[in-house]
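K.L.:
have a look at this fold, sequence not included:
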């Protein structure tokens, strides 16, 4: 992957061992030829592209074959996997970023999962700015053989390693720094930047360095700016230190937001946000985690368990802060601080 430069600070100053920075190095080649098309759809009714909901099914599907493992740039420990599954009788080969869940405050796989879900409050699938992401538990023996020989099972009673699996964006490229002139004159650019900034503002994205944003590289598609590495979010406290010395997209930088998005946010109720307390739910079966329909929260933590049920989502405090961010954005529109188009 390459980088979309949103700021003018392309260097990491300190704390590399904790925070990491995108190196801009090209990704290693896939372990097998990728199925085509490989690009996500960025407009309604698109043809030669992938529906994000279809990709989400691939990420969840069993069985899945692990064809290759490679390191990603930076120091977060994320891996680039080449995977294969079958859908409608056809073999599908694709790539995904894997982040093992370890309870870290700074590289939290749980928040990757919830951030992907949270955008559904105000974006349609072809408008998504976070790539499809699901929770997944890889068989422990396979994981030790291919990824980490010292890995341990993530939950008592399981024989698997849990984490977030995010679709790896293909055919994306770097962009120039944010341009207020382009925002004023180019409709697709305006929509793309408004949507990604709405997202980063609402989830309180705490690591908006330029390596975490990519733009589509397909002339026939609508511009789409994607937000990656959404693992530091939903908190005003845990942020990359560089966020305090550069232009942070934790705040709103665009002068206007899409009217359709604002209207959807007006319809968001506190209960809608609280539902993200159980963004995903699993049942322990035969040593693995099987996705199930989310039910009522079984506790107030971020990753919680009751018997064979495991739930992943926002804590009550995180849910309340997200709802407050929605209200803050709407108030900025109401008083004219932010316009709509």
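P.N.:
Everything's here; your move. Nothing here was measured: the structure is a model prediction, and the numbers come from that model. Residues are numbered from 1 along each chain as shown.
K.L.:
just the residues contacting the helix or strand hosting residue 326, thanks.
P.N.:
In this assignment (DSSP states H and E), residue 326 forms part of helix 316-334. Residues from elsewhere that reach helix 316-334 (C-beta atoms under 8 Å, 6 or more residues apart in numbering): 118, 121, 198, 201-204, 234-236, 252, 257, 262, 265-266, 268, 270, 273-274, 276-277, 300, 302, 314, 338-340. All C-beta atoms are positioned from the backbone trio N, CA, C, and that covers glycine.
K.L.:
one more: stretch 114-125?
P.N.:
41, 44, 51-53, 128-134, 166, 195, 198-199, 202-203, 227, 230, 233-234, 261, 264-265, 268, 272-273, 276, 279-280, 312-314, 322, 326.
K.L.:
got a ChimeraX select line for the buried ones in the residues you listed?
P.N.:
Typed into ChimeraX, the line below selects the buried ones among those, using 16 or more other C-beta atoms under 10 Å:
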select :41,52,128,129,130,131,132,133,134,166,195,198,199,202,203,227,230,233,234,261,265,268,273,276,279,280,312,313,314,322,326
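K.L.:
the contacts of stretch 114-125 in helices, which ones?
P.N.:
52-53, 195, 198-199, 202, 261, 264-265, 272-273, 322, 326 (DSSP state H).
K.L.:
possible to save those as CSV with pLDDT and distance to residue 216?
P.N.:
Formatted as CSV, these follow (pLDDT from 0 to 100; distance: C-beta to C-beta, whole Å):
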residue, pLDDT, distance to residue 216
52, 97, 13
53, 96, 18
195, 98, 13
198, 98, 18
199, 98, 16
202, 98, 22
261, 98, 19
264, 98, 22
265, 98, 24
272, 98, 29
273, 98, 29
322, 98, 27
326, 98, 27
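K.L.:
show me the two of those that sit farthest apart.
P.N.:
53 and 326 (23.7 Å; C-beta to C-beta).
K.L.:
residue 150: which of the ones in helices among the contacts of stretch 114-125 is nearest?
P.N.:
When these are compared against residue 150 (criterion: C-beta to C-beta), the nearest one is residue 52, at 34.1 Å.
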